[in-house]
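J.: The following comprises the amino acid sequence and a computationally predicted model.
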Amino acid sequence: MAVQGSKIQSIQFLRFVAATLVVLFHAHLAISTSLSPESAIDADLYLFGFGAVGVHIFFVISGYIMVLTNSRPDRPFSARQFYKKRLIRIYPIYWLIAALYLVINTVMGSPYEFTAYELLSSLLLLPDNAPLIIGPAWTLAYEMYFYLIFGIAMIFGLLRGLILLSLFFTISMALGLFVRPENAFTGLMTNSLLAEFLIGAWIAWVTLRVKFPGWLGYLSVAGSVILYAGGIVIGYESLPSALIWGVPSAMLVFGAVVLERHVQPAFVTQLSPLGDSSYTLYLAHILLITILIALAQVVQLTMLPILLMTAVFTVICVLFSHWFHLQVEAPMTARLTTWSKRV
């Protein structure tokens with residue numbers, strides 16, 4: 001496989017694509033509702049809603065990366081080390097950006113109102129209040145739950161762990177079909193979105209052991225595009241999102257990983273470094289869009305075409321997030337990782 005350091009470039013590229021799709025969706029929606037509601041077109045709103053598929057790509061990739069990074073036979077799995085790495089990767093930058101949301105929104109005249117428990121549970125990414133400060137953070141509750149169960153399962157070894165993980169999630173999701181979840185916690189634990197993590201994990205396990213032909217990679221990517229288009233045609237709400245978006249997302253990830261062994265387009269190599277800042281982009285883009293909308297209102301740019309403003313907002317979000325990643329997130333994570341090794 002073509003690897004940049006310890007990272008697979010196609011996966012890094014897809015992380016960037018997934019985050020950018022979410023930004024396009026939210027930027028277009030915010031501009032259409034806050035800046036130019038009279039110019040908004042329903043068809044455009046629907047098409048940009050496709051950007052929500054980025055979440056499903058992320059979930060598949062998360063499952064893939066967890067197996068990929070814990071598959072070295074010369075490095076026995078350590079639950080303690082695994083959880084430390086995950087906590088350092090997820091929480092510090094999330095807390096920092098959440099603090100920026102709290103401060104900047106208060107300065108802009110839109111302060112948050114919540115109880116001490118709501119604030120604490122949001123900062124801990126508990127499923128009942130994870131999106132309270134940063135809306136898209138609801139997905140992080142799923143990520144943290146997956147990491148929790150994955151770490152326990154891996155104690156039994158990679159293959160046995162994956163089998164146990166699959167059985168546990170399958171039973172949990174099956175219960176969700178027959179027992180109505182009573183709260184956000186049981187709703188998360190029985191949600192069919194968990195299947196996307198599982199599929200990503202098995203994609204990693206299989207592709208690490210089998211060298212698939214390039215034509216299968218092309219076929220899988222083409223099939224994902226066809227299914228994505230089919231989902232747009234028949235309607236987002238016609239089927240559960242884990243099915244209508246999860247299946248083609250899994251095919252996309254599988255196809256990209258298979259093709260990496262055979263071909264690597266220049267644009268993938270060039271854009272893959274932006275995958276490093278996808279987490280910052282995902283966390284910060286709502287705040288950045290809010291600030292950009294306020295600035296656009298001040299300088300009276302509301303007459304610009306919505307699609308143009310969407311493109312400009314998205315580019316600004318991508319560039320600023322990458323800069324923030326390089327200047328703040330990466331150094332902070334590196335220092336915390338070094339410190340954690342001494343603890």
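T.: In hand now; what should we look at? Numbering: from 1, shown residues only.

J.: Chain neighbours aside, what residue packs nearest to the residue nearest the centre of the chain?
T.: The residue lying closest to the centre of the chain (C-alpha atoms, centre = their mean) is Phe58, at 3.7 Å. Residue nearest to Phe58 in three dimensions, not counting chain neighbours: Ala18, with 5.0 Å by C-beta to C-beta, 6 or more residues apart in numbering. C-betas here are computed from N, CA, C, even on glycine.

J.: Verify the stated contact: that neighbour with Leu281.
T.: No: using C-beta atoms under 8 Å, Ala18 makes no contact with Leu281, being 9.8 Å away.

J.: Check for me that the residue nearest to the centre of the chain belongs to a strand.
T.: No: assigned with DSSP: H, G, I helix; E, B strand; the rest coil, Phe58 falls outside any strand and is helix.

J.: Per-residue pLDDT of it, please?
T.: What the model reports for Phe58 is a pLDDT of 97.

J.: what is the rounded mean pLDDT of the lengthiest helix in the chain?
T.: Assignment by DSSP state H gives helix 79-107 as the longest helix of the chain. Looking at helix 79-107 alone, the average pLDDT works out to 96.

J.: Of all the residues in it, which ones are buried?
T.: 82, 84-86, 88-91, 93-94, 96-98, 100-101, 105 (16 or more other C-beta atoms under 10 Å).

J.: Considering those, which is situated nearest to Val343?
T.: Lys84 (7.9 Å; C-beta to C-beta).

J.: Just give the nearest non-adjacent residue to the closest one, would you?
T.: In space, Lys84 is closest to Ser340, 5.1 Å off (C-beta to C-beta, 6+ apart).

J.: ok, how many other residues are close to Met309?
T.: 22 (other C-beta atoms under 10 Å).

J.: Go ahead and confirm it touches Leu35.
T.: Yes: contact criterion C-beta under 8 Å: Met309 and Leu35 qualify, at 6.9 Å.

J.: Quick check: neighbours shared by those two?
T.: Both Met309 and Leu35 are contacted by 296, 301, under the criterion C-beta atoms under 8 Å, 6 or more residues apart in numbering.

J.: backbone phi and psi for Ala311, please?
T.: phi -60, psi -40 (degrees, to the nearest 10).

J.: residue contacts, it?
T.: With contact taken as C-beta under 8 Å, 6+ apart, Ala311 is in contact with no other residue.

J.: Thanks a lot, catch you later.
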